[in-house]
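**Q** got a structure for you, letters missing:
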């Protein structure tokens, strides 16, 4: 069962269902426990086990002296119980002997201080010597296990950029950045011109004179930062590719292809995930709904307290949909939160049923596997307070029963409704462009403290979802064919626009909702000569004259706020002052008379960041114009539309009555309880 | 028109009017634009153009290899259109080749980390090698353009201390500080005694053993800090003087004197502006009302949201008045905010009319010129989001029309009411002592987090202004004659009192309002032997026994709060417990019976920091006693009294009806609209 | 009078009374003032003077060149007036010449930056060269004054760990830590196993390869941190012991033993005070009620504003009781706040009467001496804004009269009610275990931002005190006999439980109130195999399956909240999910049905952190079950029960009528005014 047993992509009914997995660290436990662990995994319904991604110090305890025996044995033990293996390369944790030999491997922080050995991810992506040793250990590992039948897939490294580790300000990074720039610009004059270094006498005499953009007196040139961010991303990509190439070679002779994955994290933008995605077969991500709510939410205490045992109702789905785009349809959850975690400011226990709900939600968004982190809670070291499926003393955790329930339900649905899995990997009716360089651009130049690219995208995503729309993400490189799959495509905050995109806008059948800040920069991080949004007048006859950023308390109300609301709504955080030419039509104005929404053929342009009320009403209206049916869902109720299926989930504390008239209840009831899951067939 | 066309100071009717200027960067633009720019400037009403202050890398692209051609040409282009030039020395931005040759030029932060090349102001004032290179480039520049008829003035460097750059903790600073101390104290025993180094065994064996006061385990000796702040200020002064001396020499042969200016910033206290002022002819400052409101206001979000498109109604005026004092009557605005800026936490667009209002306000406070920053918005580099008079594509910005309106109004008034400009440079009826060393002292030793010297002075300034009083600043070195020009002189928070000041207090006709914290330290940062306020009993028969600082929520109410208020008012933040001798009279007491205000002849002493209500009522009462007429102005309405003229301005959103009975309306109406300006002649 | 005149401990009626002391710096003043100071001290009622603890630079102005004359003379002057001396070793302030010779003495911060000379405590405890020089100066000093009859006691150094100075990340600390680990573990494999270094490939190849746990990419191993904290504490202990051994030797020949003390600070946990306490005779601490309220309180602005002139009503008492435990019954106040201080964020003046109240409170908790800091306010250097008993000009401070009143009252009570002093040093009826390693453990692994060991202990302490219970602290090493002295023993947050403790729990007559987080780790910072609380089932048949931390706004209500409250109360911050075996009984449940309080024989277990209401009600109930009588005291009213005496104090602004029926009023009245003190005999 599951994607990993086959070299073809989604080519059988069987692997259209989802696989259950677990992350397992046999090296943490006495060998006497191994056999029992394997048996118990099988009994729980697990078929997939991730191994070894932090084990370098065990695999190579001294330079060049390998110890494979323990890994050989643990793979055999698992394989003998019919379990498949994802093998992780151990490069996220270079061992101490390697660091002591080559201390230049260590990364350097933005403050110029070396980050020391003692936790994980203590390497600089630009360290050539580290890359050589990574290639060596990956080669050894891939050669040893590449053709092992049970090792059906590989994971490269672990959570690139977690703990803000994509970036490094080391000497190695400096040298590599200078080389990267020389490759890009060839001539230092071209770089000086592209960056606008005539400003503030920043002209560089040579590539060798260029510095990293940290620790300047006041902010460095945004073009300097932007190239440094691109470089940083490229270093991650090439580091990863060095591993995938080795694994491809070592697994080439297999009858069944061994898929390669990497486990991404949530709300991480230090590198371009689409670029890494190009080199792997199936992206996965590590989904920690409660940790992310406390650690990575822009929402206030009241919102977080409301969902503290459930997670943000839209955060997981957004990442599911985003990584499905990164994987061009394929993706999985490598680490699913199975109970309280240890790393957020506050770490509550999930409400009963939520682990099952999160698992169902992942599957409804097309996950090929859902793998729990971790099998047994470790009693020692940094993650000792992170729950597992078993307690440290091997008793079942309070959440294991609901995982077993999920396993059974999944098994059942795979027999009765295999189409559900097929449709879960199909696309939604609306799409949002997600663009990592835009995230970098607005982090470099927010122009107002409240401007954050992810938050803007998230607002659009949440609004769509609260209207019952199922959303896909597409990259900024999406083709006309991709656009045409959707009724509506949103491109909020896309910092630069290409000629290819303009051609698509001109031809696509989709309604394209652009802005704010759309096309407001050239690739060189300058304001385009024809002013933003930098579209031909035949596409959008609008010019942005100036912009303003606003304090979080400020709302610029619409002229026509509905009287049914006892408050004014409109634009927040960001607003653009535009001139509108004759080919465009202003469809919504602010109370001060200026344009808020502009229409021209299939393009809609937002001159600012709509607050929740304006955004929901606007998307509802636009969706209606495009013939899309919308719902009005409470904050914690969500539905994923999947062809003839609907998966309803309840993040809230309140019950919700689903209108299931005429539908078949596959899982759950029409009364959707807190933490409930209902799968309908219509 | 304007001061810069003449070598005499205010000696003609003509230059009593104000000049319009602009900051221009021809090096940022294609030469093809230069001629049109010059013509358009002239048409707008601009007569003055600042050039070149960040252009070192262009003027000297390699060590010793100069390129003057572009600057020659741009000066000619402007001069041919009748525009006058202020030429900026380019020393705020040492080029990369110079830094690479002498990395010791770079400044060092309080954390001991070097600040790198990549933005601006990346130099340590104590670097001898940098000073030599600055003298060289300034000599070259001054020799080349010193006698050019169109180059009517010079600006040294740019915004000293912006980005907290007056201070540096480099080795060069350490050596220079040791030398400065040796010059001051001659004998290390004298220093140890002056600082009280017997405390905590801090005795220094020699000047060479002295360290900078940063990075100590807990706070360093305040006397150590105070001398370091004095030294830091002196370094800025001597750095600046090296440039002014070169320029004086190079321009000595001119028929008309070339004035020297420096463009100061707002709320900057890293050096003593009066000392720099002594070496220049006319100080100027860079006035960014909206940027300062968001970035440098102590006021809460509610206040800032109220004035977010207007600016703090008193912040600009305070600096106008302060720099007029620094310039002994002469001053200008070198950079006037012309639209949204890029550097504050939030950057809204000014309300329509505010750029005109700010310009009129500057003129009413005696500005000899108002120069807008910048001509055309740069599409690249750090300030690409900073508005100009033109958009990046050369179209006019939305604010250009109101600048043109202002230019016309100014032209008209200069023909009908030239006296307005003359009186605008005269003095007010009350004065406030402003003392940079006091700002350093209380930053070093706030004794309570809420104690800030500027905030205290600002409170007094705002209270006076809300009563319709026009205020002058005077320095702590002001003479008896200066004191006698005013009915009242305030000296809040003056940290030390000299014998000269005591003599003035004894003789002046002004009512002197002293305290809190007045005279509470000796020059060596000790408590004076006779206790604060350290005045002879014949002047003020009061001794401060102890002081206390209070949390921001605490008010010590007056005993006699007016029943008309529904809250208690009195002292906040700071209170002194005093003994009052027989020669002094307590005129206001706190509810606990202790003295709040004390009177002795022409001296009034405040034992604490009055809150807004107490301060307004107190100043109103004192002003009445001195025969000064006061108004009660709403928060956003201000008036500048200028002999027979009154300039009314409206920072608020509400209309205000001016009592203009019998007055002639020169500009505007008696109904003062939001952003409105009304000039009356009575 | 007082402890220091005798070598026996509490062996006479006389020294059962308390001694008044003062901290004095003759080196700060002209010699002409010395004689008068000594006389005035005597007149005030002072008998004890602390000297010299920051005077190294005076005692040894150059390497090896000593100047004892000034200290000889000042001791003689004081002794001639009958004053006894506590002599401080000057090692908190190494002089500049020593630092210049051995810069490696300086400590290094967690950021890797050296902390510089210029204030105090600028040394690393691991610097061998500094230890040698400390031994040298202490030897010289002890040999000179060890047998001086007036030098009745010694203080080592000053306020260890103040300004966070116990810890240092220097090279010296690294080498010493490696050695400490080698001594502890002998074999690197043992260390790797103990720490669980198999996790994240953290295996160390040798002790020499081990690093300090700072500046890692993400958090270091908690076991690594825990050993580093233990090491850090041990370094303080051995540093201190080197001094006490020298002093013991030099004073051995005295007829009367010279006691050794150290002055600890408030809320300081950088080292184990019990361990230092083992090497000294009598601990003391520096009690700054207003400074601590502003600087070290977890309470909000409203609480702090309520008590801003009084201090937290329970903070002083807690430390009195804690240091009495450290001293096994003996303790004193070395520095008592005598007026406003200089170092807190806000520094108000004490309400009239509070200095007397604080002094009385200390005596009622058994202080053998109360010594004020300082005699005369210094006009110079860092503490110039710190009040003394005299103003800088030698006039009396506003608080001197109430200190004189206290001296007289003390004198009187020592004649009429000497038993009061005896009972003040006896024990309370309930005890709380205080454990420094537990403070380190939960600082290393809070698992929720709101979890703080001291705050948890303080909550229990405050609840007891608000019920009128007098509390003792005991260490985690307390014996069965110690336990049996109490009706109830609380052990909140004790991170590890030993077999010895289990044996005590099984046998003690005390009701033991354990949890939350009790016994949740092994000494190696792992989760115990049998799960927390790691007690045998016969003691407590409970297993903690998982825990959760909660945001500060979240309360998990009890099922049976009293209707008399208009809010729900229960657990906050922390909650454990437990399984309860048949031998234990759940006595309180949460609204969700899970166990909140569990009972088994004499053990009570709390599964979480009770909020104030739950905690007060619970302790009241438990106390009642143990036959302890409780009161319900307002927030600012406290009483210390001392055999037949009661000392009532009033931190609040309101009067309080004491039920004194049948009691004799020794001091004060039954109407307890704000800042009032009433001593009753029943």
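**A** Structure's in. What do you need? Since we're looking at a predicted model, the values are computed, not measured.

**Q** Longest helix in chain A, please.
**A** helix A:222-251 (DSSP state H).

**Q** Figure out how far it is from the centre of its chain.
**A** 17 Å (C-alpha atoms, centre = their mean, to the nearest Å).

**Q** how about it, does it reach chain B?
**A** Yes: for helix A:222-251 and chain B, the contact criterion (C-beta under 8 Å from any C-beta of the partner chain) is met by A:222, A:223, A:224. In short, each C-beta sits where N, CA and C put it, glycine included.

**Q** now, which of those residues sits nearest residue B:492?
**A** residue A:222 (42.1 Å; C-beta to C-beta).

**Q** quick one: contacts for that closest one?
**A** Contact partners of residue A:222, counting by C-beta atoms under 8 Å, 6 or more residues apart in numbering or on different chains, are A:441, A:444, A:445, A:525, B:381, B:382, B:384.

**Q** Is there a neighbour count for the residue in the stretch 451-600 of chain A that chain C sits nearest to? I'd like the number.
**A** As assessed by C-beta to the nearest C-beta, chain C sits closest to residue A:552 within the stretch 451-600 of chain A, at 20.3 Å. Residues within reach of residue A:552, counting by other C-beta atoms under 10 Å in any protein chain shown, total 13.

**Q** How about it, nearest residue that isn't a chain neighbour?
**A** residue A:450 (5.2 Å; C-beta to C-beta, 6 or more residues apart in numbering or on different chains).

**Q** Residue B:99 versus whichever residue of chain A sits closest to chain B, what's the distance?
**A** Using C-beta to the nearest C-beta, the single residue of chain A nearest to chain B is residue A:196, 2.7 Å away. Here the criterion is C-beta to C-beta, to the nearest Å. By it, residue A:196 lies 19 Å from residue B:99.

**Q** in the stretch 251-400 of chain A, which spans are helices?
**A** Taking DSSP state H, counting those that start in this stretch, the helices of the stretch 251-400 of chain A run over residues A:273-279, A:289-295, A:301-306, A:315-326, A:354-364, A:400-416.

**Q** Contacts only, for residue A:618.
**A** Applying C-beta under 8 Å, 6+ apart, the residues near residue A:618 are A:588, A:597, A:606, A:610.

**Q** and which of the residues you listed is nearest residue B:280?
**A** residue A:606 (49.1 Å).

**Q** Chain neighbours aside, what residue packs nearest to the residue of chain A most remote from its centre?
**A** Distance from the C-alpha centroid of chain A, by C-alpha atoms, centre = their mean, peaks at residue A:582 (40.4 Å). Residue nearest to residue A:582 in three dimensions, not counting chain neighbours: residue A:541, with 6.5 Å by C-beta to C-beta, 6+ apart.

**Q** Same question for residue A:284.
**A** Spatially, and ignoring its direct neighbours in sequence, residue A:284 is nearest to residue A:334 (3.8 Å; C-beta to C-beta, 6+ apart).

**Q** Could I get the pLDDT score of the one you found?
**A** pLDDT recorded at residue A:334 is 98.

**Q** measure it to residue A:282 for me?
**A** 10 Å.

**Q** who has more neighbours, these two?
**A** Set side by side, residue A:334 and residue A:282 show more neighbours around residue A:334, with 30 against 23, by other C-beta under 10 Å.

**Q** Assess the claim that that one and residue A:155 are in contact.
**A** Yes: under the criterion of C-beta atoms under 8 Å, residue A:334 makes contact with residue A:155 at 7.1 Å.

**Q** tell me, what's touching those two both at once?
**A** Joint contacts of residue A:334 and residue A:155 (C-beta under 8 Å, 6+ apart) are A:50, A:86, A:261, A:263, A:284.

**Q** In terms of helix, strand or coil, where does the first one fall?
**A** By that I understand residue A:50. Under DSSP: H, G, I helix; E, B strand; the rest coil, residue A:50 falls in the strand class.

**Q** Look up how far chain C lies from it.
**A** Separation of residue A:50 from chain C (C-beta to the nearest C-beta, to the nearest Å): 15 Å.

**Q** State the three-state secondary structure for residue A:615.
**A** Going by three-state DSSP: residue A:615 is helix.

**Q** so who does it touch?
**A** So residue A:615 contacts A:459, A:460, A:463 (C-beta under 8 Å, 6+ apart).

**Q** can you do 6 Å?
**A** The neighbourhood of residue A:615, defined by C-beta atoms under 6 Å, 6 or more residues apart in numbering or on different chains, consists of residue A:463.

**Q** Report the contact partners of the spatially closest residue to residue A:613 that is not a sequence neighbour.
**A** Among residues not flanking residue A:613 along the chain, residue A:569 sits closest, at 3.7 Å (C-beta to C-beta, 6+ apart). Residue A:569 is in contact with A:561, A:611, A:613, A:614, counting by C-beta under 6 Å, 6+ apart.

**Q** Skipping its backbone neighbours, what lies nearest the last one in space?
**A** Here the nearest residue to residue A:614 in space, its sequence neighbours aside, is residue A:569; by C-beta to C-beta, 6+ apart that works out to 4.9 Å.

**Q** Model confidence score at the one you found, please.
**A** 98.

**Q** go on, residue A:428?
**A** Looking at residue A:428, its pLDDT is 84.

**Q** Kindly report the same for residue A:12.
**A** 40.

**Q** Same check on residue A:101?
**A** 98.

**Q** can you give me phi and psi for residue A:599?
**A** Dihedral pair for residue A:599: phi -130, psi 140, per degrees, to the nearest 10.

**Q** Can you pull the residues of chain A lying near chain C?
**A** By C-beta under 6 Å from any C-beta of the partner chain, the residues of chain A that approach chain C are A:27-28, A:54, A:56-57, A:93, A:95-97, A:100, A:115-122, A:163, A:301, A:305, A:339-340, A:345-349, A:379-382, A:384-385, A:387, A:392-393.

**Q** residue boundaries of the strands in the stretch 101-250 of chain A?
**A** For the stretch 101-250 of chain A, strands defined by DSSP state E, counting those that start in this stretch occupy the ranges A:151-155.

**Q** Which residues of it lie near chain B?
**A** A:196, A:198-201, A:203-205, A:209, A:211, A:213, A:215-221.

**Q** The residue of the stretch 401-550 of chain A found nearest chain C and residue A:391, how far apart?
**A** As assessed by C-beta to the nearest C-beta, chain C sits closest to residue A:401 within the stretch 401-550 of chain A, at 13.0 Å. Distance, residue A:401 to residue A:391, by C-beta to C-beta: 14 Å.

**Q** more crowded one of the two?
**A** Comparing residue A:401 with residue A:391 by other C-beta under 10 Å, the one with more neighbours is residue A:391, at 22 against 13.

**Q** in a strand, that's where the residue farthest from the centre of chain A is, yeah?
**A** No: the assignment for residue A:582 (three-state DSSP) gives coil, which keeps it out of a strand.

**Q** any idea how far it is from residue A:533?
**A** For residue A:582 relative to residue A:533 (C-beta to C-beta), the value is 17 Å.

**Q** Give the ranges of residues in chain A that sit below the confidence cut-off.
**A** A:1-17 (pLDDT under 70).
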